[in-house]
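Q: Here is the input, now give the coordinates:
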Amino acid sequence: MKRLLMLLPLTIFLVVAVFLYRGLFLDPTELPSALIGKPLPSFSLPSVEDPQRQISAEEIKGKPALVNVWATWCVACKVEHPVLNKLASQGVVIHGVNYKDDNAAAQKWLKDFHDPYQLNIRDEQGSLGLDLGVYGAPETFIVDKQGIIRHKYVGVIDERVWREQLAALYQELVDE
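A: Predicted structure coming up:
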């Protein structure tokens with residue numbers, strides 16, 4: 001019995017070590033989304049540029065698009081922004097969701113750093129972000145022309161991520 005009690009801490013340590021070792025090989029940008037294959041949640045929120053204008057999920061339909069969740073308080077969003085501007089200049093349709101942010105700060109940001117978004121949704125309370133299952137910013141959803149979410153990417157979209165992970169998905173939807 002004493003021998004079993006002496007082995008118990010070693011056994012517990014080994015079990016914990018196996019779980020921690022496995023975690024070293026998980027990709028932190030792969031956060032599963034229950035919304036893959038489902039339509040964008042229904043919403044009606046004001047535009048960042050024109051608070052009198054309401055934008056709905058219906059307006060996102062028609063063309064495949066990236067729906068990018070961003071904020072001025074998000075340091076990583078500032079890193080990502082030049083890549084989004086470049087993609088927009090190449091014809092990639094990008095819609096923004098300004099998440100839990102001050103609208104005046106968002107407008108200044110877009111003026112200072114350029115605006116890659118065809119539609120820019122103001123989500124000050126975070127209700128759309130909550131419906132999308134957003135953990136933070138930046139997060140980007142790829143939606144098809146029917147407004148169905150096909151992919152979710154968590155983190156900064158840089159040129160390597162676009163080229164190696166997202167460009168082919170987007171192009172496939174454009175070609176459908």
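
Q: And the strands in this protein, which stretches?
A: 44-46, 54-56, 65-70, 94-99, 119-123, 139-143, 149-154 (DSSP state E).

Q: For residue 113, find the nearest of those.
A: strand 65-70 (10.6 Å; CB to CB). C-beta here means a position set from N, CA and C on the backbone, and glycine is covered the same way.

Q: Flag the shaky bits of the protein, pLDDT-wise.
A: For the chain, residues meeting the criterion pLDDT under 70 lie at 1, 4-5, 14-15, 17, 19-21, 23, 25-32.

Q: any idea where the helices of it begin and end?
A: 2-23, 75-89, 103-113, 127-132, 159-161, 167-175 (DSSP state H).

Q: For these, please prepare a markdown table with the additional fields mean neighbour count.
A: Listed next are the helices of the chain as a markdown table, based on neighbours: other CB atoms under 10 Å:
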| stretch | mean neighbour count |
| --- | --- |
| helix 2-23 | 9 |
| helix 75-89 | 17 |
| helix 103-113 | 15 |
| helix 127-132 | 18 |
| helix 159-161 | 13 |
| helix 167-175 | 14 |
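
Q: export those helices to TSV and tack on distance to residue 143?
A: As requested, the helices of the chain are exported to TSV (distance: least, CB to CB, whole Å):
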stretch	distance to residue 143
helix 2-23	31
helix 75-89	15
helix 103-113	21
helix 127-132	11
helix 159-161	18
helix 167-175	8
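
Q: right, and those - which one's nearest residue 62?
A: Among those, helix 167-175 sits nearest to residue 62 (CB to CB), with 12.0 Å.

Q: name the helices or strands packed onto that closest one?
A: strand 139-143, strand 149-154 (3 or more CB pairs under 8 Å, 6 or more residues apart in numbering; DSSP states H and E).

Q: Just the CA trace of the last one, in PDB.
A: Listed in PDB are the C-alpha atoms of strand 149-154, where the atom choice follows Å, rounded to 0.1, in the frame of the first residue of the first chain:
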ATOM      1  CA  ILE A 149     -19.500  31.600 -43.100                       C
ATOM      2  CA  ARG A 150     -16.900  29.300 -44.700                       C
ATOM      3  CA  HIS A 151     -13.800  29.900 -42.500                       C
ATOM      4  CA  LYS A 152     -12.700  31.800 -39.400                       C
ATOM      5  CA  TYR A 153      -9.100  33.000 -38.900                       C
ATOM      6  CA  VAL A 154      -8.000  34.300 -35.500                       C
END
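
Q: list the helices and strands that strand packs on?
A: strand 139-143, helix 167-175.

Q: That's all I had, so thanks and see you.
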